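Show me the folded form of this:
(one chain, ligands or ions: 1)
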Amino acid sequence: MPRSAAYFLAAVCGGLGVLMFFWRAAPNMWIGVRLPWTFADRQIWDKSWRLAAMFLTGMAVGALFSFKIFIISVIHLVVLGILYPIFLYWRKYNTLRFWKDQGWKDYRPVARCRGCGHFQKLPDAGALAEARCEACGRPFQEK
Ligand SMILES: [Zn+2]
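Residues are numbered from 1 along each chain as shown. This next block holds a predicted model:
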């Protein structure tokens, strides 16, 4: 890869990565880790955003070394960028299910009871802390 292309890639990725450390957008149509699981939970959106910022910065450094390292870091960004929110969501809600309200990004979480396996729609991510299973009365989050 010509040096000028390497510097260009490093500048674009590094610039965006560093920017993303200092500035974080609310869920939107253009930028961020845009998945149903990140739209359903703002906390997971924010954590995924931070991971993407780290990877972009890593990609910038990788581009300076070689194109091969750059490509490897791109693959990591894409694969882990998707797996990470899925993992966080699974750990928090005990399911990957979600439900969708009216708007295009109105994804809402579904929680699965750890006691009886009952699936329950939640109005938003914040409701998880107080919600109890409708079937067995068990709280979804341990206090
Ligand atoms: Zn239950």
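
element containing G117?
Using DSSP states H and E, G117 sits within no helix or strand.

how near is it to the ion?
7 Å (C-beta to the ion, to the nearest Å). Where you see a C-beta, it was placed from the backbone N, CA and C, and this is true even at glycine.

Then N94?
From N94 to the ion the distance is 11 Å (C-beta to the ion).

list the contacts for that residue?
Applying C-beta atoms under 8 Å, 6 or more residues apart in numbering, we find N94 in contact with 111-114, 140.

need the residues of the chain near the ion, please.
Contact residues (C-beta under 5 Å from the ion) of the chain with the ion: 113, 115-116, 118, 133, 135-136, 138.

quick one, phi psi at P139?
Main-chain torsions, P139, degrees, to the nearest 10: phi -70, psi 150.

tally of neighbours for the nearest residue to it once chain neighbours are set aside?
Among residues not flanking P139 along the chain, R132 sits closest, at 5.2 Å (C-beta to C-beta, 6 or more residues apart in numbering). A count of neighbours around R132, defined by other C-beta atoms under 10 Å, yields 13.

Give the buried residues for stretch 80-91.
Neighbour-count burial for stretch 80-91, counted by 16 or more other C-beta atoms under 10 Å, picks out 80-81, 84-86, 88-89.

ok, now stretch 97-117?
For stretch 97-117, using 16+ other C-beta under 10 Å, the buried residues are 97-98, 107-113.

what's the answer for stretch 51-63, then?
Going by neighbour count (16+ other C-beta under 10 Å), the buried part of stretch 51-63 is 51-53, 55-60, 62-63.
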